[in-house]
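Asker: this one's structure only:
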């Protein structure tokens with residue numbers, strides 16, 4: 001029995017997935033079989049919702065996406081995902097159309113859609129890159145503001161130096177991520193270890 005697995009994605013937290021969910025359900029995908037990513041771009045392959053959707057599919061199933069650009073925003077990614085699905089005996093449906101990698105015309109159409117998705121993504125990013133370049137030239141872009149105040153950074157370093165706290169403990173105490181702890185310690189001193197072990201450096 002063929003099972004339809006749906007996938008939907010939107011790039012920003014301000015966007016709504018309701019329209020995509022409705023489109024997938026209209027194509028026959030059960031609501032509980034729709035996997036989503038909210039606030040993640042299609043140029044990022046590391047998406048939990050996509051990973052879950054791919055893991056949920058089995059040989060003979062069909063992965064359904066409203067449009068190809070919801071699945072990937074680059075030609076290599078689109079091809080890689082489609083080829084991986086085909087290799088597992090899983091079909092890929094772009095809306096109501098099922099992609100057939102063995103059909104030369106279907107393959108050409110797929111590549112055209114992937115190219116347009118990548119092109120559109122590049123157009124979206126272009127104003128941002130230009131704006132950042134202008135801001136840098138005017139001295140208004142100096143990197144991200146540290147998540148911790150200077151006082152908090154000093155305290156974090158002091159607590160780390162005691163050797164009594166693991167990186168995970170410090171992250172929880174200061175309500176930041178572990179990478180933020182690593183970066184804070186690295187800024188304080190080049191001698192601070194960047195692994196997940198306790199530091200006893202003076």
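Answerer: That came through fine. No experiment lies behind these values; they were computed from the predicted model shown.

Asker: got phi/psi on residue 20?
Answerer: Residue 20 has phi and psi values of phi -70, psi -40 when expressed as degrees, to the nearest 10.

Asker: ok, the nearest residue to it once chain neighbours are set aside to residue 62 distance?
Answerer: Nearest residue to residue 20, sequence neighbours excluded (Cβ to Cβ, 6 or more residues apart in numbering): residue 8, at 3.7 Å. (Glycine included, C-beta is placed from N, CA and C.) From residue 8 over to residue 62 the distance is 15 Å, taken as Cβ to Cβ, to the nearest Å.

Asker: between those two, which has more neighbouring residues?
Answerer: residue 8 (26 against 20; other Cβ atoms under 10 Å).

Asker: give the full set of residues in contact with that one.
Answerer: By Cβ atoms under 8 Å, 6 or more residues apart in numbering, residue 8 lies in contact with 17, 20, 21, 24, 34, 35, 36, 37, 49, 65, 66, 70.

Asker: break the chain down into its domains, please.
Answerer: By the record's domain assignment, the chain is partitioned as 4-117, 150-188 (automatic domain parsing).

Asker: dump those domains into a markdown table; add mean pLDDT as well.
Answerer: Rendered in a markdown table, the data for those read as follows (pLDDT from 0 to 100):
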| stretch | mean pLDDT |
| --- | --- |
| domain 4-117 | 87 |
| domain 150-188 | 84 |
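
Asker: about what we covered before: distance check, the residue nearest to residue 20 against residue 160.
Answerer: When residue 8 is compared with residue 160 (using Cβ to Cβ), they lie 42 Å apart.

Asker: what residues of the strand or helix carrying residue 76 count as buried?
Answerer: In this structure, residue 76 sits in helix 75-87 according to DSSP states H and E. Buried positions in helix 75-87, judged by neighbour count with 16 or more other Cβ atoms under 10 Å: 75, 77, 78, 79, 81, 82, 85.

Asker: likewise for stretch 29-37?
Answerer: Neighbour counts using 16+ other Cβ under 10 Å place 29, 33, 34, 35, 36, 37 of stretch 29-37 among the buried residues.

Asker: re the thing from before, nearest to residue 167, of the buried residues of helix 75-87?
Answerer: Lowest distance from residue 167 to the buried residues of helix 75-87 (Cβ to Cβ) belongs to residue 77, with 32.3 Å.

Asker: relative to residue 55, how far out is the closest one?
Answerer: From residue 77 over to residue 55 (counting by Cβ to Cβ), the distance is 17 Å.

Asker: equivalent analysis for residue 107, please.
Answerer: Going from residue 107 to residue 55 by Cβ to Cβ gives 26 Å.

Asker: give me every residue that touches residue 92.
Answerer: The contact partners of residue 92, taken as Cβ under 8 Å, 6+ apart, are 62, 63, 65, 81, 82, 85, 86, 98, 99.

Asker: what do you get if the cut-off is 6 Å, keeping everything else the same?
Answerer: With contacts defined as Cβ atoms under 6 Å, 6 or more residues apart in numbering, residue 92 is in contact with 63, 82, 85, 99.

Asker: now do residue 27
Answerer: By Cβ under 6 Å, 6+ apart, the neighbours of residue 27 are residue 64.

Asker: where's it relative to residue 14, distance?
Answerer: Using Cβ to Cβ, one obtains 25 Å as the distance from residue 27 to residue 14.
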